Structure formats: structure tokens, C-alpha cells
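Novice: Just to be clear, the model below is a prediction. Sequence and coordinates:
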Amino acid sequence: MLTTLLAVTESAQESGIVQQFGLEPKFVIMQVVSFLILFGVLYQFGIKPTITTMAERNQKIADGLKHAEETAIRLAAAAQESALLIKTAQLEASKVIEEARKSAKEFADKQNTEATARAADTLVKAQQAIELEHKKMLNEARSEIARLVVKTTEQVLAKKLSEADRAAYNEAASKELTSA
């Protein structure tokens, strides 16, 4: 670049432009050198760090966008997974409720069957007890009737029969009434 500047300066001297504008090549060269030094210092300490900082910021922004996209994808996946879990939980809850209803119905039917069986058993026992009580009452009634018949017969026959005949009739009447 310096050679280009020198070439431009020499060509400007030959054409007389330098005298017209009052340019001196040594001052122009000093200014170009000063400018290059200033440009080098600014580039090294100003432009280069700024470019580096901008590149880092651009990278951070790109990373942030990439992270945001990944997060959005994970969020969508989590939403799908939670929807699936909720649906699965609802299905399981429906099954549990249905099983509970079925179990409750079976339990109620079983209790009803057992209650019916107990009632039938109680009814059978009550009928047997009534039958037994009926037989007992009939036996007591027969015994009482036999006793009354014997007593009445004794009173009627006491006047006409002997003691031995009376005992035989009483015994025969007792046997007949107890066997019937």
C-alpha cells in the first residue's frame, strides 16, 4: 500500500498538481504513516475487540435461539406425554370405577342371596319348631283327653265295676289313646 501511495505521489509531482495544491510528499507520507499507525492501533484495540464481542453476542443469541427451539420441542413433547398420562390415568380410573361397581353389585347380590338363604333357613326352622310344638301339643292333648276319659270312665264305672275290671279298662284306654 505504501508503494501505491509513493507511486501516486510521484505521478502527482510530475503533473504539477502537487505544486498547485501545495502538497509536499514528505508530509503526505508522514500523514499516511500516522494514519496507518492510528488505524493499526484502533483495529487492534477498538475494532478487533468490538468484532470479537459482536461475534460472541451473535453466538450467544444463536445459542439462545437454539436453546429456545429445543425447549419448545421438549415442552411440546412433555405436553404430549402429560396428555397421554392423563388419558391413561382416566382409562385406569374408569376401569377401577367399573370394577368397584361390579364388585359392589356382586357383593350386594351375594348379601341378598345370603339373606334369602338365611330367611329360608329361619322359615324352615320355624316350621319345624311349629311342627314339633304342634306334635307336642297333640300329645299333651291326647294325654289330657285320655286322663279325662279315664277319670270320667272311672266315675261312671266306679259304681258298677269291680276294682280289677276298672284297672283293666283304665289300662286299655290309656294304651289306646297313647297309640293313636
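Specialist: Looks like it arrived, so ask away.

Novice: Got the phi and psi for the residue nearest to the spatial centre of the chain?
Specialist: A centroid search over the chain (Cα atoms, centre = their mean) returns A89, at 4.8 Å, as the residue closest to the centre. Backbone torsions of A89, given as degrees, to the nearest 10, read phi -60, psi -40.

Novice: Distance check, it against L75.
Specialist: 20 Å (Cβ to Cβ, to the nearest Å). Every C-beta, even on glycine, is put in place using the N, C-alpha and C of the backbone.

Novice: cool, S94 as well?
Specialist: Distance of S94 to L75, given as Cβ to Cβ: 28 Å.

Novice: just I37 next, same as before
Specialist: To L75, I37 is 55 Å away according to Cβ to Cβ.

Novice: and what of G46?
Specialist: With distances taken as Cβ to Cβ, G46 is found 42 Å from L75.

Novice: can you check N170 too?
Specialist: Computed as Cβ to Cβ, the N170 to L75 distance reads 112 Å.

Novice: who's more crowded, these two?
Specialist: N170 (17 against 10; other Cβ atoms under 10 Å).

Novice: what helix or strand does that one sit in?
Specialist: helix 163-179 (DSSP states H and E).

Novice: in that helix, what's buried?
Specialist: The neighbour-count check on helix 163-179 (16 or more other Cβ atoms under 10 Å) flags 166, 170, 173, 177 as buried.

Novice: Let me know the closest of those to M54.
Specialist: L177 (133.3 Å; Cβ to Cβ).

Novice: residues contacting that closest one?
Specialist: Residues near L177 by Cβ atoms under 8 Å, 6 or more residues apart in numbering: 142-143, 145-146, 149.

Novice: Filter the residues you listed down to the buried ones, PyMOL style.
Specialist: Entered in PyMOL, the line below selects the buried ones among the contacts of L177, by 16+ other Cβ under 10 Å:
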select buried, resi 146
